[in-house]
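**Student:** after the sequence you'll find the predicted model.
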Amino acid sequence: MENREVMAAVPVILDTDIGPDCDDAGALAVLLTLAGKGEADILGVMHCTSSPWGSGCISAIHTYYGRPDIPIGTLQEEHFLDEEMYQRYNRPIAENYPHAYRQGGAAEDAIVLYRKLLAASDDESVVIIGIGPLVNLYRLLSSAPDELHPLDGIALVRQKVKTLVVMGGAYPSGKEWNFEMHPAAAKYVVEQWPSPIIFSGYEAGVDIQTGSRLFRDTAADHPVRKAYELFLDGRQTRSSWDLITVLIGVRGLCGLCEAEQNGWVEVSATGENRWIEGRVPGKTHSYIKMKAAKAEIEAILDELICTKN
């Protein structure tokens, strides 16, 4: 059996669209718990929409978990997924919980922070976990050399990133929200990303229902419980797309899933994706298939959501 206590913490950057769905808040809770267990080293968390409340919501959750100093970057682009319907919980949390931006100021430009964090990291060490549209990663790949690092974005990623783990697409083919919201970014990242990509598709998490323990086992003011409460509006659970993606980003397949590796992902101009059989030079793609019992996966994730180290 794997002994995680003696393994080095995985250096992680999380990229999230926190707000449109509560599973992003649950995924952040999972990551913070894994960090508390010594399994993850959270280098930074990026917000990938134009909502003015996303970085505050992230910071509020960090603060509640006793980790207020985790760097946060945010998308510097106007009018991307900033509609009111996508602020059902991130705005109330940002407005009502302590966080780094309550007294003014703003999160750093996500691309500047990405380049700063990668420049300071060991080669081929960082796991980036993307659980929203891939616009920040598109902009990172498109970034030019600067005072932070002499390499352009693609070369910097090639040098510093071990793996990209993406919640996006449906496998072996289909259409999913994260790719659909910014298809140009999804297509570019999938085609140009120079390190291995593991895809966690819609089908992997849709039937894994978690969150009910938040309402039984955490305090009423827990911000992740509040996120689920505001989003679910009376329901008790939500699909676990982002939570699974974070878990495998840190722990790997960990006996819960297996990987289809003999092929590569193609994304169309409108965001549809398909898995094409056969190896292609320069593309190291795989997608996960769940193999453990649904109840076992749900129990692991619910425990991680509710544990506050």
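**Tutor:** Structure's in. What do you need? Being a predicted model, the structure only gives us computed values, none of them experimental.

**Student:** number of residues surrounding Arg235?
**Tutor:** 12 (other Cβ atoms under 10 Å). Every C-beta, even on glycine, is put in place using the N, C-alpha and C of the backbone.

**Student:** now Ile42
**Tutor:** Neighbours of Ile42 (other Cβ under 10 Å): 21.

**Student:** where do the strands of the stretch 1-150 of the chain begin and end?
**Tutor:** For the stretch 1-150 of the chain, the strands defined by DSSP state E, counting those that start in this stretch cover 10-16, 40-47, 72-74, 108-109, 126-130.

**Student:** can those go into TSV with extra columns for mean pLDDT and distance to Gly205?
**Tutor:** Formatted as TSV, the strands of the stretch 1-150 of the chain follow (pLDDT from 0 to 100; distance: least, Cβ to Cβ, whole Å):
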stretch	mean pLDDT	distance to Gly205
strand 10-16	98	15
strand 40-47	98	19
strand 72-74	98	25
strand 108-109	96	30
strand 126-130	98	14
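
**Student:** list the contacts for Lys308?
**Tutor:** Shown in contact with Lys308 (Cβ atoms under 8 Å, 6 or more residues apart in numbering): 33, 36, 64-65, 218, 222.

**Student:** could I get those residues as CSV with pLDDT?
**Tutor:** Listed next are these as CSV, based on pLDDT from 0 to 100:
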residue, pLDDT
Thr33, 98
Gly36, 96
Tyr64, 97
Tyr65, 97
Thr218, 96
His222, 97
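
**Student:** wait, which of those is closest to Arg102?
**Tutor:** Minimum distance to Arg102 across the contacts of Lys308 is 13.4 Å, recorded for Tyr64 (Cβ to Cβ).

**Student:** who's in contact with the nearest residue to that closest one once chain neighbours are set aside?
**Tutor:** Sequence neighbours aside, Pro223 is the residue nearest to Tyr64 in space, at 5.2 Å (criterion: Cβ to Cβ, 6 or more residues apart in numbering). Counting by Cβ under 8 Å, 6+ apart, Pro223 touches 25, 57, 60-61, 64, 93, 97.
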